[in-house]
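In: Could you work out the structure for the sequence below:
(one chain, ligands or ions: 1)
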Amino acid sequence: MPQSNSKLHDDSDGLGTEKTTGRVFSTTFSGRDVTISDFPLPEDAKKETFPLPSTPDIQPKLQKKKPKSYNRLQTKLNSLDITPFLDLMLSVAHERDPSKIIERASTGYKGTHVTMGAFWLRPTKKMAAIVTPHSSADTMLRLVAYSGLNDRSPLNWDHALGTYELAPVTEPIFDACQRGIPSIGPSPEEWDRPAWAIKEGYQAYSSFPVMYNDEFLGILSTFYDRPMKGPFAQLHSMHQKMHKIFADTVARALVNAVAFEEIQKLRGELELENQLLRRAVQEKRLDNNLIGDSDSLARVMEQIDVVSPTDASVLLLGESGTGKELLAEAIHSRSTRNQNAFVRVNCSAIPHELFESEFFGHVKGSFTGAIRDRVGRFQMADNGTLFLDEVGEIPLELQGKLLRVLQEGTFEPVGDERSRKVNVRIVAATNKDLTKEVAAGRFRQDLYFRLSVFPINVPPLRERRNDIPLLARHFINLAAKRMNISAPRLNPHHVERLQEYNWPGNVRELQNVIERAVIMSHSGNMELYIQDNSNATPPQEMNVHAYPSTLAQATPPASAPPPQDIITEAEWTAMQRENIMQALEATNWRVQGNGGAAELLGIKPTTLRSRMQKLGIEKR
Ligand SMILES: Nc1ncnc2c1ncn2[C@@H]1O[C@H](COP(=O)(O)OP(=O)(O)OP(=O)(O)O)[C@@H](O)[C@H]1O
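Out: Residues are numbered from 1 along each chain as shown. Predicted coordinates:
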């Protein structure tokens, strides 16, 4: 049953006399905070239902004694327009911004004889978006909205204790509401009014708990300037029903809005995290893929850093297998287009008659075999990067069409007259000397100029031998991981041999040689099969087709390794020493434990220590 208050504190000294400029107030009374622990919850409290009072009949006495007043009141009640209330409830229910719900709540207290409305919230974690959780956790109430009589805004509302002063929730109200029970005081006799209520002229009140699924969120209260009894009991009863709807609507709207905000926040965080992860993956890919610390590769990377963020066309020039495609990917990853597609076209692999369709797409039926519409590479790369590998292989008669897209950004799919507009950044690569091709009339000069806005020369591997050990280790690890075996060791002798070789097939050939060696390795020992061509002069222009398979070139004789592979005892000791030093250096001289040098070398820490002693290895 709704409660009336029999016991009340005069809490004039607990009104929270501090003046504040905000609209959020601590609720204090009797000089202390109201805490939920002050009012232990009865076990079965939440299971009870609390019906509202049935609407009382207007006093028959009044009808008899003062028929005029009775009629006036009856007319007023009959003509009560609840449309604004319904509109307010709807707008609260649909609102997704918690602070706007609070704002609207403060406008919901209008009603005949309603002098003041107040909304207190528990500063729980759930409501953190609205009220900062208090250090005493969620046990204090805060006044988050209130309004004065009729249209007077809280700003102008002159309270006896000054503007913005707090009318605190009183103990009996709190006690009832936090158990989910409304607290009703229809007249001063049934409500032991505190001094501030007397001063303000509040004669009656009703307070409703704001509950969500048995959870007490706060209190909504209204105060009246006259006793709501006798002829006004019916009005008060109607107000209570509206009040109950108001409290329930606010509770649901608030919980939904807070949850919605939380979802938005999480979605934002997730998006950000995804972006960071994508970036991390990209950087990792770059770091993992582009191996090398030679000066010449560093110079290439400097140029890539400069040109990547621009939209300039880049022409990568270099022998086959030098890493031009990897560098093209690096340009894309470091550009502002990196969230969009990187599309590769190998111009040397497209049959002549399919070039146009490959680049620009086609519509169904435009030629024999065009059984459905096809999107061309330019369309796929819209807002991204199009990598034209082996660009020197594009037939002369198509070069004009390509030039037009590069100049105007428009093209027509085969069999379609409508132009398409695209925004594509071009990175091209070739192992041909394009100036010679231009001179020979096989490549359009205007297209050459268009493509080579920013030419980058990628040095062959033999001109950056410093990169060889790093690349070799990288490829050993990759191959071992793929084969699910532990990575065989690369010893100084291997390195020496790899660095002596001329690598006409560049990094691709090195990768092949290493992969083969890993496949053939036994118990961590690796044999390299490299054809000794150290004196061979690499051709000026080369492409993959002009060369026999490097793997075939490197096929070892079926017999045992050649005699030059045998090393002396002294060389062996030096190699061992070097190997141990490398492991120690790599682990910052940590001998044992996870990721320690002993683990790297695949031996026991005690064995490593005794070898270090034998070889005279001491920390530098
Ligand atoms: N710096 C590098 N670090 C790691 N791997 C590399 C590096 N350079 C090249 N590679 C690897 O070598 C192989 C050949 O590289 P890529 O295909 O990029 O060369 P390319 O110059 O484009 O060759 P082509 O002209 O024949 O198309 C690839 O497997 C690539 O991953």
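In: ok, now how distant is Tyr205 from Ala118?
Out: Distance, Tyr205 to Ala118, by CB to CB, to the nearest Å: 10 Å. (Each C-beta comes from the backbone N, C-alpha and C, glycine too.)
In: And the pLDDT for the closest residue to Trp589 other than its chain neighbours?
Out: Closest residue in space to Trp589, ignoring its immediate chain neighbours: Lys619 at 5.1 Å, by CB to CB, 6 or more residues apart in numbering. We have a pLDDT of 74 for Lys619.
In: give me the number of residues near Lys619?
Out: Applying other CB atoms under 10 Å, we find 8 residues neighbouring Lys619.
In: Also Gln339?
Out: For Gln339, the neighbour count with other CB under 10 Å is 10.
In: Over to it. Which of the three states is it?
Out: coil (DSSP: H, G, I helix; E, B strand; the rest coil).
In: same thing with Val210?
Out: Following three-state DSSP, we place Val210 in the strand state.
In: I figured it was touching Ser221, is that so?
Out: No. Counting by CB atoms under 8 Å, Ser221 is not a contact partner of Val210; they are 10.5 Å apart.
In: which neighbours do the two share?
Out: By CB atoms under 8 Å, 6 or more residues apart in numbering, Val210 and Ser221 have these common neighbours: Phe119.
In: Tell me where the stretch 451-600 of the chain has helices.
Out: Assigned by DSSP state H, counting those that start in this stretch, the stretch 451-600 of the chain shows helices spanning 467-483, 492-500, 506-520, 550-553, 569-586, 597-601.
In: Go through those and find the least confident stretch.
Out: Least confident of the helices of the stretch 451-600 of the chain, judged by mean pLDDT, is helix 550-553 with a mean of 31.
In: Would you tell me what the next helix or strand after the helix or strand hosting Glu302 is?
Out: If you go by DSSP states H and E, Glu302 is part of helix 295-307. Remark: after helix 295-307, the chain's next helix or strand is strand 314-317, criterion DSSP H and E.
In: is the helix or strand just after that following strand anywhere near the ligand?
Out: Next along the chain after strand 314-317, taking DSSP H and E as the criterion, comes helix 324-333. Yes. Using CB under 6 Å from any ligand atom, helix 324-333 reaches the ligand at 324-326.
In: tell me the average confidence for helix 324-333?
Out: Per-residue pLDDT over helix 324-333 has a mean of 93.
In: Show me what that helix is packed against.
Out: Packing contacts for helix 324-333, counted by 3 or more CB pairs under 8 Å, 6 or more residues apart in numbering; DSSP states H and E, involve helix 233-289, helix 295-307, strand 314-317, strand 342-346, strand 385-389, strand 425-430.
In: From the ligand, how far out is Val495?
Out: Distance, Val495 to the ligand, by CB to the nearest ligand atom, to the nearest Å: 17 Å.
In: Same question for Thr336.
Out: According to CB to the nearest ligand atom, Thr336 and the ligand sit 23 Å apart.
In: Equivalent analysis for His113, please.
Out: From His113 across to the ligand, the span is 83 Å (CB to the nearest ligand atom).
In: of the residues of helix 324-333 next to the ligand, buried ones?
Out: Buried subset of the residues of helix 324-333 next to the ligand (neighbour count, 16 or more other CB atoms under 10 Å): 324-326.
In: quick one: buried residues of stretch 597-615?
Out: Applying a neighbour-count criterion of 16+ other CB under 10 Å, one finds 597-601, 605, 608, 611-612 buried in stretch 597-615.
In: Ignore what I typed, I meant stretch 401-418.
Out: Residues of stretch 401-418 classed as buried by neighbour count (16+ other CB under 10 Å): 401-403, 405-406, 411-414.
In: likewise stretch 438-452?
Out: Going by neighbour count (16+ other CB under 10 Å), the buried part of stretch 438-452 is 438, 442-444, 447-448, 450-452.
In: Stretch 515-535 now?
Out: Buried residues in stretch 515-535, counted by 16+ other CB under 10 Å: 515-518, 521, 526, 528-530.
In: For it, what is the distance to the chain centroid?
Out: 45 Å (CA atoms, centre = their mean, to the nearest Å).
In: returning to what we had before: looking at the buried residues of stretch 597-615, which one is closest to the ligand?
Out: Ranked by distance to the ligand (CB to the nearest ligand atom), those are led by Leu600 at 21.7 Å.
In: Spatially, what comes nearest to the closest one if we skip its sequence neighbours?
Out: Nearest residue to Leu600 in three dimensions, chain neighbours excluded: Ala583, at 4.6 Å (CB to CB, 6+ apart).
In: Next one: Val422 from Phe359, what distance?
Out: Distance of Val422 to Phe359, computed by CB to CB: 11 Å.
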